[in-house]
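Undergrad: I'll drop the sequence and a predicted model, then ask my questions.
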Amino acid sequence: MIKKIKIQILFLISFFILESSSRYNTISAQVFLPVDLIEKSDGKLPVHSIFIGEDNHKWIGTENGVYQIEEVTEEALVNANEFLPKKSILQIKKHLNNKLWFITYANEIIILDTKTNQQEKQNFGFLKGKIISNLIFSNNSKTVWVASRGNGVWKKSINQNSKPTKIEVEKNNENINDIIFFDGKLWAATETGLYYTKNISINDKKHKFKSVSDFTKASKMRVYKNQLWVLGFDKKDKGTLKSTKDGKKWTSYSLSKSFEYQVPNIMNFDSKGNLWVAADRVAKFEMLGNKKWTEFGEKQGFQSRSALSLAIDENDNIWVGTEGRGLFVRVNYPEKLTAKQKNQDTKQEIDTITDLEELRKEKNLSELLNTEKIETIKGKKLRLKVQFRTAKADILPEFEKELNDLVSFMNKNKELRILVQGHTAPVGNAQKNQELSEKRASEVRNYLIKKGISQNRIRTVGYGGTRPISTNREEMKENRRVEVIFVD
């Protein structure tokens with residue numbers, strides 16, 4: 001049932017230089033990175049749904065099955081499970097503690113017990129082929145409510161053989177964009193407006209919906225900080241974002257100019273209270289402070305015109321699924337970085353931050369080895385211009401010349417010994433970063449030995465991400481390095 005695979009994010013480097021400002025900002029550097037869910041593919045899989053589960057695992061529902069991403073490491077290696085069968089998965093919902101509901105394009109429901117791997121199936125044929133826009137469960141988890149685009153709202157017991165009941169929101173209103181529970185009511189976002197009803201029991205025969213006059217159309221809803229947030233169109237048919245605490249008094253917010261007439265149908269909040277939306281681009285709205293919008297488009301790495309899903313994990317990484325370009329992620333590099341050691345409850349603090357400007361002023365290998373005397377080289381630290389395959393310790397062939405120059409110098413100075421230090425960025429799993437830094441230092445050592453340098457002249461050490469050069473987002477790539485110290 002579960003097959004282990006690996007997927008990689010191709011780092012496009014450089015981060016965060018702010019251009020234009022006033023009210024609407026655009027980031028000019030690369031911040032969204034593509035994720036290849038399958039190693040060999042003729043194209044990108046459409047990603048319809050992203051669900052953040054226990055242990056911060058990401059379940060990715062695609063046109064061809066489900067992938068479970070465990071974590072993003074410092075080198076952007078992503079471990080994933082491939083979930084079969086290979087069906088088009090529109091939505092992923094959590095029911096009980098161990099059960100996930102996978103909703104297919106054909107309205108077949110695959111219910112997976114994540115602890116036992118056992119499956120059961122249901123078929124929502126009563127929707128007559130119409131696409132499910134959302135599926136939610138009652139507070140007691142015994143009732144499922146289903147919204148569709150083209151066949152209204154339905155409710156039924158979660159039991160497989162129970163009979164569904166159709167709920168009329170408004171006469172001839174079949175296109176339901178979203179449903180949600182808030183303040184003891186069921187809310188429905190539709191093509192003709194926003195509605196709510198207090199009758200939300202499975203036993204209620206009739207559901208009398210009332211309309212909210214502020215909306216001519218509602219596209220997406222979210223509950224955050226005990227408030228209902230709604231994206232839609234106002235009476236002037238202009239895009240709007242509104243929130244309410246009681247369903248009576250509403251607060252309005254302006255949308256980014258790009259969304260004034262193309263309202264997103266995807267929204268989510270990060271841990272800092274920023275609202276993220278997506279359509280033909282991704283945008284962040286800073287709720288606190290200056291109420292500023294920041295947009296991310298093609299120049300910022302989001303190479304898509306059609307976002308289908310958006311989720312934010314426990315580390316505030318932003319995951320966006322698209323129609324024809326696959327999955328993208330914006331990795332969050334926190335300003336204050338800590339790493340939890342494997343099997344420990346205490347946190348390992350970052351030791352020191354090297355002065356980046358001082359390190360940049362260091363001479364390169366050829367300058368150092370050709371201009372300085374052996375006595376002045378001892379004790380110096382040299383950052384090798386060596387790069388590795390993504391998330392691996394394999395040295396790329398084009399960087400072997402740098403190591404060959406080091407071999408030549410050590411052959412000329414037989415008494416000189418070196419300490420090879422491996423480092424990673426302080427992002428991701430600390431234990432895996434430690435192992436990767438050690439492997440990379442050892443790979444340099446092995447290369448030198450193969451070229452004839454005695455193993456007694458080379459020692460290695462790995463520091464993982466505990467000795468970063470910088471914790472600034474735009475300089476994060478500088479931390480992935482190998483350094484050599486010349487010793488007696």
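TA: Yep, that arrived.

Undergrad: helix/strand/coil for V420?
TA: strand (DSSP: H, G, I helix; E, B strand; the rest coil).

Undergrad: What count of nearby residues applies to it?
TA: 22 (other CB atoms under 10 Å). (Glycine included, C-beta is placed from N, CA and C.)

Undergrad: dump the residue contacts of it.
TA: Neighbouring residues of V420 by CB atoms under 8 Å, 6 or more residues apart in numbering: A441, V444, R445, I458, R459, T460, V461, V482, E483, V484.

Undergrad: Show me which of these are buried.
TA: Among the contacts of V420, those buried by neighbour count (16 or more other CB atoms under 10 Å) are A441, V444, R445, I458, T460, V482, E483, V484.

Undergrad: any low-confidence regions in the stretch 301-450 of the chain?
TA: The model of the stretch 301-450 of the chain has pLDDT under 70 over residues 333-376, 388-392, 428.

Undergrad: domain assignment for this protein?
TA: Residue ranges for the domains of the chain, per automatic domain parsing: 2-335, 339-487.

Undergrad: so how far is R305 from the spatially most central residue of the chain?
TA: With distances taken as CA atoms, centre = their mean, the residue of the chain nearest its centroid is W319 (3.1 Å). Using CB to CB, to the nearest Å, W319 is found at 18 Å from R305.

Undergrad: And for E260?
TA: From E260 across to R305, the span is 17 Å (CB to CB).

Undergrad: Please apply the same query to K166.
TA: For K166 relative to R305 (CB to CB), the value is 35 Å.

Undergrad: count of residues packed around E120?
TA: Using other CB under 10 Å as the criterion, E120 is surrounded by 11 other residues.

Undergrad: For it, list the residues it contacts.
TA: Under the criterion of CB under 8 Å, 6+ apart, the neighbours of E120 are I111, Q160.

Undergrad: List the buried residues of the lengthiest helix in the chain.
TA: Determined from DSSP state H, the single longest helix within the chain is helix 430-450. Of the residues in helix 430-450, those buried by neighbour count under the rule 16+ other CB under 10 Å are 430, 432-445, 447-448.

Undergrad: cool, stretch 99-109 as well?
TA: Buried, per 16+ other CB under 10 Å, within stretch 99-109: K99, L100, W101, F102, I103, T104, N107, I109.

Undergrad: and the residue nearest to K185 when sequence neighbours are not counted, what helix or strand is that in?
TA: Spatially, and ignoring its direct neighbours in sequence, K185 is nearest to Y196 (4.5 Å; CB to CB, 6 or more residues apart in numbering). According to DSSP states H and E, Y196 maps onto strand 193-197.

Undergrad: Show me what that strand packs onto, helices and strands only.
TA: Strand 193-197 sits against strand 185-190, strand 210-212, strand 217-224, with contacts defined as 3 or more CB pairs under 8 Å, 6 or more residues apart in numbering; DSSP states H and E.

Undergrad: Can you give me the neighbour number for the closest residue to N175 other than its chain neighbours?
TA: Nearest non-adjacent residue to N175, counting by CB to CB, 6+ apart: E191, 4.2 Å away. Using other CB under 10 Å, E191 has 14 neighbouring residues.

Undergrad: Thought N173 was touching E191, still the case?
TA: Yes. Checked against CB atoms under 8 Å, the pair E191 and N173 is within contact range at 7.2 Å.

Undergrad: who's in contact with the residue nearest to N175?
TA: So E191 contacts N173, N175, N177, K217 (CB under 8 Å, 6+ apart).

Undergrad: between those, which is nearest P264?
TA: For these, the minimum distance to P264 (CB to CB) is 11.5 Å, reached by N177.

Undergrad: Distance of the closest one relative to T192?
TA: In terms of CB to CB, N177 sits 10 Å off from T192.

Undergrad: which of these two has more neighbours?
TA: Between N177 and T192, counting by other CB under 10 Å, N177 is the more crowded of the two (21 against 15).

Undergrad: Quick check: phi and psi at that one.
TA: N177 adopts backbone torsions of phi -80, psi -30, taken as degrees, to the nearest 10.

Undergrad: Who is M221 paired with across the strands?
TA: Taking DSSP bridges as the rule, M221 bridges to V230.

Undergrad: What is the burial count for it?
TA: With other CB under 10 Å as criterion, M221 counts 21.

Undergrad: Please apply the same query to the one 4 residues further on.
TA: By other CB under 10 Å, the residues close to K225 number 10.

Undergrad: ok, back up a step: from the buried residues of stretch 99-109, which two are the most distant?
TA: Farthest apart among these by CB to CB are K99 and N107. That separation is 18.5 Å.

Undergrad: Show me where the stretch 151-300 of the chain dips below the pLDDT cut-off.
TA: By pLDDT under 70, the stretch 151-300 of the chain contains no weakly predicted segment.

Undergrad: which residues of it fall in strands?
TA: Here the stretch 151-300 of the chain has its strands, by DSSP state E, counting those that start in this stretch, at 153-157, 165-167, 176-182, 185-190, 193-197, 210-212, 217-224, 227-233, 239-244, 250-253, 267-269, 275-278, 282-285, 293-296.

Undergrad: now the third one: how far from the chain's centre is it?
TA: Right, strand 176-182. Here the centre of strand 176-182 is set off from its chain's centre by 24 Å, with CA atoms, centre = their mean, to the nearest Å.

Undergrad: counting contacts, what elements does it pack onto?
TA: Looks like strand 176-182 contacts strand 131-137, strand 143-149, strand 185-190, strand 217-224 (3+ CB pairs under 8 Å, 6+ apart).

Undergrad: got the angle for the last one vs strand 227-233?
TA: This means strand 217-224. Relative orientation of strand 217-224 and strand 227-233, computed by axes from the mean of the first three to the mean of the last three CA atoms, to 10 degrees: 160 degrees.

Undergrad: Any figure for the gap between E398 and N404?
TA: 12 Å.

Undergrad: between those two, who's got more neighbours?
TA: Counted by other CB under 10 Å, E398 and N404 do not tie: N404 has more neighbours, with 13 against 9.

Undergrad: that older thread, will you turn the contacts of V420 into JSON lines that also has distance to G53?
TA: Below are those laid out as JSON lines (distance: CB to CB, whole Å):
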{"residue": "A441", "distance to G53": "35"}
{"residue": "V444", "distance to G53": "39"}
{"residue": "R445", "distance to G53": "40"}
{"residue": "I458", "distance to G53": "44"}
{"residue": "R459", "distance to G53": "43"}
{"residue": "T460", "distance to G53": "38"}
{"residue": "V461", "distance to G53": "37"}
{"residue": "V482", "distance to G53": "36"}
{"residue": "E483", "distance to G53": "39"}
{"residue": "V484", "distance to G53": "43"}
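
Undergrad: so where does E400 fall, helix or strand?
TA: Using DSSP H and E, E400 falls within helix 400-412.

Undergrad: Run the chain-centre distance for that helix.
TA: The answer for helix 400-412 is 41 Å, by CA atoms, centre = their mean.

Undergrad: Show me what counts as buried in it.
TA: Buried residues in helix 400-412, counting neighbours by 16+ other CB under 10 Å, are found at E402, L403, D405, L406, V407, F409, M410.

Undergrad: Which single one of those residues is nearest to I469?
TA: Nearest to I469 among the buried residues of helix 400-412 is E402, at 18.7 Å by CB to CB.

Undergrad: measure that closest one to I395 for me?
TA: The spacing between E402 and I395, counted by CB to CB, is 9 Å.

Undergrad: swap in M476?
TA: Distance of M476 to I395, computed by CB to CB: 21 Å.
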